[in-house]
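*Asks:* Here's my sequence, what's the structure:
(2 chains)
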Amino acid sequence: GAVVSQHPSRVICKSGTSVKIECRSLDFQATTMFWYRQFPKKSLMLMATSNEGSKATYEQGVEKDKFLINHASLTLSTLTVTSAHPEDSSFYICSAPRDGNTIYFGEGSWLTVV
Amino acid sequence: KQEVTQIPAALSVPEGENLVLNCSFTDSAIYNLQWFRQDPGKGLTSLLLIQSSQREQTSGRLNASLDKSSGRSTLYIAASQPGDSATYLCATSGGYQKVTFGTGTKLQVIP
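*Replies:* Below is the predicted model of the structure:
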């Protein structure tokens, strides 16, 4: 079964609103989680590293004020897309390492901004 | 910086054919390499994970190989079926637990 759960799997929101995506580690604690975004013809790109109890580390070019990441507990990280725009429509996926370098991925979330 | 490339970008084969998908990476200092499948509008499904100390992994009709020294991995699909049609992604796991994904190969198996 899944060890990392992501919710929702699919969401539609209106331009200008905010939408939250959750990533949970189900039976292990994850002090670090990662968020990726899929770009057309560019595969999945790392957006940020979510750190439990501290600020997220964003990759170059990712707007931290637009993509808010909160890692409030050892099993939950959230990605909030603020003031959503149609160009934010994409596939977002999280991952969490377990037992060292074994990385587990969530199911992913498809975001459509209309 | 790790770069992962997959060739071809798209592949179309008749049902029943055996096929090979290729993945190359520039930095051989990886912990493992993983192959995923993504169906249109769906999430990622993990297919095979090869640790850096391993040479290959098998699951059913799938066999993945890893040659770290040459920076290559292949995914072999035997007796392809229409249900195998999807985009296949390879991904390397390196330092700081970050994963670098390849560009993907879109496979179509024609009945």
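*Asks:* Whatever residue of chain B ends up closest to chain A - nearest residue in space that isn't next to it in sequence?
*Replies:* Shortest chain B-to-chain A distance, computed as C-beta to the nearest C-beta: residue-wise this is B:Gly43, at 3.4 Å. Bear in mind the C-beta positions are built from the backbone N, C-alpha and C, glycine included. Closest residue to B:Gly43 apart from its sequence neighbours, by C-beta to C-beta, 6 or more residues apart in numbering or on different chains: A:Gly108 at 3.4 Å.
*Asks:* got a pLDDT number for the residue of chain B closest to chain A?
*Replies:* The per-residue pLDDT reported for B:Gly43 equals 86.
*Asks:* Can you get me a residue count around it?
*Replies:* The number of residues packed near B:Gly43 is 19, by other C-beta atoms under 10 Å in any protein chain shown.
*Asks:* give the contact list for it.
*Replies:* For B:Gly43, the contact set (C-beta atoms under 8 Å, 6 or more residues apart in numbering or on different chains) comprises A:Gln6, A:Ser9, A:Phe91, A:Ile93, A:Gly106, A:Glu107, A:Gly108.
*Asks:* rewinding a little: could you give the number of residues near the residue nearest to B:Gly43?
*Replies:* A:Gly108 - counted by other C-beta under 10 Å - has 21 other residues nearby.
*Asks:* Contacts only, for it.
*Replies:* A:Gln6, A:Ser9, A:Phe91, A:Tyr92, A:Ile93, B:Lys42, B:Gly43, B:Leu44.
*Asks:* do that again at 7 Å, thanks
*Replies:* Taking C-beta atoms under 7 Å, 6 or more residues apart in numbering or on different chains, we find A:Gly108 in contact with A:Gln6, A:Phe91, A:Tyr92, A:Ile93, B:Gly43, B:Leu44.
*Asks:* which of those has the most neighbours?
*Replies:* A:Ile93 (26 neighbours).
*Asks:* any idea how far that one lies from chain B?
*Replies:* To chain B, A:Ile93 is 6 Å away according to C-beta to the nearest C-beta, to the nearest Å.
*Asks:* Identify the residues contacting that residue.
*Replies:* A:Gln6, A:Tyr36, A:Leu44, A:Phe105, A:Gly106, A:Gly108, B:Gly43, B:Leu44.
*Asks:* Is A:Val113 in contact with A:His85, as I believe?
*Replies:* Yes. Counting by C-beta atoms under 7 Å, A:His85 is a contact partner of A:Val113 at 6.1 Å.
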